[in-house]
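Peer 1: quick check, what structure comes out for this input:
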Amino acid sequence: FIVHEESRTMSILRGVLFTGRKIAWSVRAMSGGGNGLLINDPKYSWIRELGLQENNPGVFDGTWRGSGQVLTSESPATGRPIANVYKGSLDDYDSVVKNAQEAWKTWRDVPGPKRGDIVRQIGDAMRDKRDLLGKLLSLEVGKILPEGIGEVQEYIDMCDYAVGLSRMFGGRIMPSERAGYWLLEQWNPLGLVGVITAFNYPAYIFGLNQAISTVCGNCTVWKAAPSTSLSCIAVTKVIESVLSDNNLPGAVCSTVCGGADIGEAMAKDKRINMLSFTGSTKVGHKVGMLVQERFGKKILELGGNNAIIVDEDADLEMVVRSVLFAAVGTAGQRCTTTRRLIIHDKVYDEVLSRLSKAYSQITIGDPLDDGVLYGPLHNKTAVENFEKAIDEVKSQGGTIEYGGKSIDCPGYYVEPTIVTGLSHDADIVQKETFAPILYVLKCSNVEEGIKWNNEVDQGLSSAIFTQSLDKMFQWMGPGGSYCGIVNVNVDTNSASTSAAFGGEKTTGSGRVGGSDSWKQYMRRSTCTINYSKRLPLAQGIKFI
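Peer 2: Sure thing, here's the model as predicted:
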């Protein structure tokens, strides 16, 4: 962990063993700058290479501005402020949308392959800044550096996918029942696509939407979680450079940093033709209702109480490695994080023993440090939610097999936790806690495991580990997992750029990413063309 002394003059690095966890503990010299912002610390001077400064305007639609309140972004690893952002006001938002509407009049008429080339350039520009953007995500979100860089790479991959798509999407030609007629589908852009991203994957989730939406001919308006405003601004500056180099309106990809007032305005705004929201089920329900009230289009990517089932014939080495990454990665703050582990009773004890040992080897520390596998939770509220969940575990009769405590140090660290002794239908097990808590359950067969997998309200991701072909196909079939992501012998985090991403039930609606997800960013028109000199009516109707 990073520990700052008052003098900020010492620099010591040492490894210690602390209650069974491998912890990287460091005390570092911090110059801090006159106002204490990390951006003024020489150690973090690289932040300025992304075009950021002490005070950053948080609104962009071709020009940068921001007339709202000042927001200070902080590092979850230390609790120290990074830099300031001037949020957008509702007036700022209104002008952004008006400018985006004007920009769309230009962008919609650009041919698809040429739009694809612009997205190709955005991907290339992201490549040039990949490692720096990854470091910023690690600093501001709290995820370890390889995950931060990986998130930017996923955005790049989505751009690559969208470039190919720009020459491929199209409608069908269908036979007409009337002679001399053609019947076809025409796909056109919607107009403005609003994107509201959560704190945990601001760049990637925006990229999943923006890359596809942009090649489809839409303009985007992006509002990130307030706590990731710097990452939002840095990504937008990369896109700005590409649009400027191609003499395109900046409002093709607009940004408004702000709070719930901006999000609510987007949900209610009829000018936003489709809104993609990523966040909690509670907030997503409100957003969905507001969009539905105006008969708007929406994509909701919400919670996931994801499970892995371990069959009696599973490769246990593969199971332990997969569960460790899926349950502990990003400190349990992925929507696809494994939260329930359902193990066949014949291998339950062995898997639990191996997994507990693996947990004890996790290196905890500053997410920017080499070798660290586990960083902090995102903020104080997340720590409080973790502590409340642990209290509920104990009150409901659960046993803490590993972890279970918050860690007394700078930043927002808690112990990765394994819980046993609870029923599959215990209240706390049925509820998603966005923290690294894994509930380990014992089942007697795969059928029982499938039932337990499906009994929660959410339906995002799921996985089974088995060597049995019949159980694999049972799992993937109509009586199997009721989730949007149904994996076999791979963890719940596993998703691909070329595949659709999303879930069922209270996880939300719609899909982002690959496959035919592009259709949600366009409107379909059925076109009937009469090239004959006759006017026959359908079903042989005679009408004079």
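Peer 1: can I assume G88 sits in a strand?
Peer 2: No. Counting by DSSP: H, G, I helix; E, B strand; the rest coil, G88 is located in no strand; its state is coil.
Peer 1: where exactly do the strands run in the stretch 51-200 of the chain?
Peer 2: Here the stretch 51-200 of the chain has its strands, by DSSP state E, counting those that start in this stretch, at 55-57, 59-60, 64-65, 70-74, 81-86, 173-174, 181-189, 192-196.
Peer 1: give the other helices and strands that the first one contacts.
Peer 2: This points to strand 55-57. Strand 55-57 is packed against strand 81-86, helix 229-245, with contacts defined by 3 or more C-beta pairs under 8 Å, 6 or more residues apart in numbering; DSSP states H and E. (C-beta placed from N, C-alpha, C; glycine too.)
Peer 1: next, format these as CSV and append mean neighbour count.
Peer 2: Output for the helices and strands packed on strand 55-57, formatted as CSV (neighbours: other C-beta atoms under 10 Å):
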stretch, mean neighbour count
strand 81-86, 22
helix 229-245, 22
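Peer 1: distance to K98 and mean pLDDT for the ones you listed - can I get that in TSV?
Peer 2: Output for these, formatted as TSV (distance: least, C-beta to C-beta, whole Å; pLDDT from 0 to 100):
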stretch	distance to K98	mean pLDDT
strand 81-86	20	98
helix 229-245	18	98
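Peer 1: out of those, which is closest to A100?
Peer 2: For the helices and strands packed on strand 55-57, the distance to A100 is smallest for helix 229-245, at 12.4 Å, taking C-beta to C-beta.
Peer 1: what lines up beside the following helix or strand past that closest one in the sheet?
Peer 2: Remark: after helix 229-245, the chain's next helix or strand is strand 253-256, criterion DSSP states H and E. With DSSP bridges as the test, strand 253-256 is paired with strand 59-60 (antiparallel), strand 219-223 (parallel).
Peer 1: centre of the chain to the shortest one, how far?
Peer 2: Right, strand 59-60. Chain-centre distance of strand 59-60: 22 Å, with C-alpha atoms, centre = their mean, to the nearest Å.
Peer 1: what of stretch 489-509?
Peer 2: 11 Å.
Peer 1: name the residues of that stretch that are buried.
Peer 2: 489, 491-495, 497, 500-509 (16 or more other C-beta atoms under 10 Å).
Peer 1: low-confidence stretches in this protein?
Peer 2: 1-34, 544 (pLDDT under 70).
Peer 1: do you know how far the closest residue to L50 other than its chain neighbours is from G134?
Peer 2: Among residues not flanking L50 along the chain, A234 sits closest, at 4.3 Å (C-beta to C-beta, 6 or more residues apart in numbering). Taking C-beta to C-beta, to the nearest Å as the measure, A234 falls 11 Å from G134.
Peer 1: P436 now?
Peer 2: 21 Å.
Peer 1: those two: which has the busier surroundings?
Peer 2: Per other C-beta atoms under 10 Å, whichever of P436 and G134 has more neighbours is P436, with 25 against 22.
Peer 1: quick check: phi and psi at the closest residue to that one other than its chain neighbours.
Peer 2: In space, and not counting its chain neighbours, P436 is closest to G332: 3.1 Å by C-beta to C-beta, 6+ apart. For G332, the backbone dihedrals are phi 70, psi 20 (criterion: degrees, to the nearest 10).
Peer 1: picking up where we left off before, of the strands paired with strand 253-256, which is nearest G79?
Peer 2: Here strand 219-223 is closest among those (C-beta to C-beta), at 24.7 Å.
Peer 1: quick check: buried residues in that closest one?
Peer 2: 219-223.
Peer 1: angle of it against strand 192-196?
Peer 2: 20 degrees (axes from the mean of the first three to the mean of the last three C-alpha atoms, to 10 degrees).
Peer 1: just the helices in the stretch 201-350 of the chain please.
Peer 2: In the stretch 201-350 of the chain, the helices defined using DSSP state H, counting those that start in this stretch lie at 202-215, 229-245, 260-268, 281-293, 316-328, 348-359.
Peer 1: can I get those helices in a markdown table with distance to E401?
Peer 2: Formatted as a markdown table, the helices of the stretch 201-350 of the chain follow (distance: least, C-beta to C-beta, whole Å):
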| stretch | distance to E401 |
| --- | --- |
| helix 202-215 | 32 |
| helix 229-245 | 35 |
| helix 260-268 | 38 |
| helix 281-293 | 28 |
| helix 316-328 | 13 |
| helix 348-359 | 6 |
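Peer 1: pick the most buried one from those.
Peer 2: helix 202-215 (a mean of 28; mean count of other C-beta atoms under 10 Å).
Peer 1: remind me what that one packs against, helices and strands.
Peer 2: helix 112-128, helix 130-141, helix 145-165, strand 192-196, strand 219-223, helix 229-245, strand 512-513.
Peer 1: could I have the CA atoms of the longest one written out in PDB?
Peer 2: If I follow you right, that is helix 145-165. The C-alpha trace of helix 145-165 is given here as PDB (Å, rounded to 0.1, in the frame of the first residue of the first chain):
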ATOM      1  CA  LEU A 145      -2.200  -1.400 -14.300                       C
ATOM      2  CA  PRO A 146      -2.400  -4.500 -16.600                       C
ATOM      3  CA  GLU A 147      -6.200  -4.200 -16.400                       C
ATOM      4  CA  GLY A 148      -6.100  -0.500 -17.100                       C
ATOM      5  CA  ILE A 149      -4.000  -1.000 -20.200                       C
ATOM      6  CA  GLY A 150      -6.200  -4.000 -21.100                       C
ATOM      7  CA  GLU A 151      -9.300  -1.800 -20.900                       C
ATOM      8  CA  VAL A 152      -7.900   0.600 -23.500                       C
ATOM      9  CA  GLN A 153      -6.900  -2.300 -25.700                       C
ATOM     10  CA  GLU A 154     -10.500  -3.500 -25.600                       C
ATOM     11  CA  TYR A 155     -11.600  -0.100 -26.900                       C
ATOM     12  CA  ILE A 156      -9.000  -0.400 -29.700                       C
ATOM     13  CA  ASP A 157     -10.200  -3.900 -30.500                       C
ATOM     14  CA  MET A 158     -13.800  -2.600 -30.700                       C
ATOM     15  CA  CYS A 159     -12.600   0.100 -33.200                       C
ATOM     16  CA  ASP A 160     -11.000  -2.600 -35.300                       C
ATOM     17  CA  TYR A 161     -14.200  -4.600 -35.300                       C
ATOM     18  CA  ALA A 162     -16.300  -1.600 -36.200                       C
ATOM     19  CA  VAL A 163     -14.100  -0.800 -39.200                       C
ATOM     20  CA  GLY A 164     -14.900  -4.100 -40.700                       C
ATOM     21  CA  LEU A 165     -18.500  -3.700 -39.800                       C
END
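Peer 1: thinking again about what came up before, list the contacts of the residue nearest to P436.
Peer 2: Applying C-beta atoms under 8 Å, 6 or more residues apart in numbering, one finds that G332 lies in contact with 339, 416, 434-437.
Peer 1: nearest to G142, out of the strands paired with strand 253-256?
Peer 2: strand 219-223 (20.4 Å).
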